[in-house]
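> sequence first, predicted coordinates after that:
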Amino acid sequence: MSNMRVILLEAAMVAGVLMTGLSAAQVAHAASSTDSAEKAATDPRANVKIDSSIMIERTTISEDGTSVTQLVSPSAVKVVPGDKLLITNSYRNLGDEAVTGFVLNNPVHQAVIFTEALEDWALVSVDGGKNFGSLSALSVADETQQSRPAVAADVTHIRWVMPSPIEPGATGELRFRGTVK
């Protein structure tokens, strides 16, 4: 991955975000080994802006008895264990050229149990972001150090490797769900 710039999002700051009502975009940051202005001049991937948000999925029963699911801001409700989360990473290419080789990594906060990535091509890690693959191809050691198939609750990071160039001005969303522990 030496030729790919990897953006690390701290949308995983869920506990602090949920308790303070800050938006995830306020705590998200891009990891870069060089000055971002210098990178933007040499690497068009630096022109992709990422904004993150976390919403709580709440389901209520309407007067007619139907189930209604709404997305609400964590600052508008009391967040409790078992709450379902929708984490969205919105991206936009602010540059003048298409961006190829774009990779987005998102750690899963320890206060959150990963449940699913909404893009079926997303990769996951169960070892702290060292190795990525499809969940069905990964394994972890159990309490007796025996290998067992990984499950969603083992996921520590999600990675999206954009399958096609991000054209100038193009926007999109990469999303995953989790549950508050």
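Here it is on my side, so go on.
> in the sheet, who's paired with Val99?
Ile166 (DSSP bridges).
> okay but it is in contact with Arg92, surely?
No - with contact defined as C-beta atoms under 8 Å, Val99 does not count as touching Arg92 (10.5 Å). Using the backbone N, CA and C atoms, a C-beta is placed for each residue, glycine as well.
> more neighbours: which of the two?
Remark: of Val99 and Arg92, Val99 carries more neighbours, 22 against 16, as counted by other C-beta atoms under 10 Å.
> dump the residue contacts of the more buried one.
Counting by C-beta atoms under 8 Å, 6 or more residues apart in numbering, Val99 touches Pro44, Arg45, Asn47, Val48, Asn93, Met162, Pro165, Ile166.
> kindly recompute the last result at 7 Å.
Pro44, Arg45, Asn47, Val48, Asn93, Pro165, Ile166 (C-beta atoms under 7 Å, 6 or more residues apart in numbering).
> also Ser139?
Contacts of Ser139 by C-beta under 7 Å, 6+ apart are Ser147, Arg148, Pro149, Ala150.
> and the last one, how far from Glu167?
Summarising the geometry, the distance separating Ala150 from Glu167, computed by C-beta to C-beta, to the nearest Å, is 35 Å.
> so between those two, which is more surrounded?
When Ala150 and Glu167 are compared for neighbours, Ala150 comes out ahead with 20 against 12, by other C-beta under 10 Å.
> the nearest residue to the more buried one once chain neighbours are set aside - how many residues pack around it?
Closest residue in space to Ala150, ignoring its immediate chain neighbours: Leu138 at 4.0 Å, by C-beta to C-beta, 6 or more residues apart in numbering. With neighbours defined by other C-beta under 10 Å, the count for Leu138 comes to 19.
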